[in-house]
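Enquirer: just to be clear, the model below is a prediction. Sequence and coordinates:
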Amino acid sequence: MQDEIAAGSRLLGWAVRTDDLATVSDRLGLPVVDGRRVGRWTVSLRVREGEPVTVRVGFYGAGFVSRIHVSALAASRVDNQIVAVHDPDEGRAASFAAEHGAVVVGEDELPGLIDAVYVTAWTAAHARLVDKAAAAGVAVFCEKPLAFDAATAERMAATVARAGVVNQVGLVLRFLPSFRWVRQLVSDERAGRV
């Protein structure tokens with residue numbers, strides 16, 4: 001079923017608990033064109049003839065770093081809509097949602113509403129949240145540091161690879177002039193094997 005959803009560029013799909021389908025449709029204003037029950041989930045597809053697909057974005061975390069990513073999304077050439085946010089601080093989540101026309105949802109509900117997620121929560125929560133997103137087939141952008149130890153980071157990398165989801169770690173330091181200079185030095189064949 002997931003392959004059917006991803007197969008056509010004009011199809012946009014999401015999965016939600018069957019009893020939540022009407023609520024999600026109402027809250028997000030998304031028409032349900034075709035709903036098929038798959039176990040306890042209903043897979044719904046919207047056909048958007050002749051239109052680019054809007055990427056539905058969610059945030060695990062609604063703090064300062066999330067706001068920086070919102071600015072980057074606004075400047076991007078990708079058609080996107082911030083549709084949902086989860087943050088343990090309910091007031092911060094509500095403020096973020098109101099500012100961006102999104103809904104506040106539970107941690108487990110978020111992956112079923114989106115195509116891509118920014119994981120900007122505390123580092124201790126990264127592995128758990130990336131696992132949830134990958135299991136739902138959601139593209140993942142996880143802020144640095146990925147984890148507190150290499151073993152957890154490697155497990156997270158294996159999880160997204162197994163799930164086959166697009167993923168990236170938010171390490172912007174690689175664009176700093178000092179890091180570019182080090183890269184140039186290391187890449188220079190005169191440096192030998194580094």
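Expert: Sure thing, it's come through.
Enquirer: next one: phi and psi at A163?
Expert: phi -70, psi -20 (degrees, to the nearest 10).
Enquirer: show me the contacts for the residue nearest to it when sequence neighbours are not counted.
Expert: Nearest non-adjacent residue to A163, counting by Cβ to Cβ, 6 or more residues apart in numbering: A134, 3.9 Å away. Bear in mind the C-beta positions are built from the backbone N, C-alpha and C, glycine included. Residues near A134 by Cβ atoms under 8 Å, 6 or more residues apart in numbering: V140, T159, V160, R162, A163, V165, N167.
Enquirer: among the residues you listed, which pair sits farthest apart?
Expert: Farthest-apart pair in the contacts of A134 is V140 and R162; separation 12.8 Å (Cβ to Cβ).
Enquirer: those two: who's more crowded?
Expert: V140 (26 against 10; other Cβ atoms under 10 Å).
Enquirer: which intervals of this protein have sub-threshold pLDDT?
Expert: 1-52 (pLDDT under 70).
Enquirer: can we see that at 50?
Expert: 1-21, 24-25, 27-48 (pLDDT under 50).
Enquirer: on the three-state scheme, the spatially most central residue of the chain is what?
Expert: For the chain, the residue nearest the mean C-alpha position is V117 (1.3 Å; Cα atoms, centre = their mean). With DSSP: H, G, I helix; E, B strand; the rest coil as the basis, V117 sits in strand.
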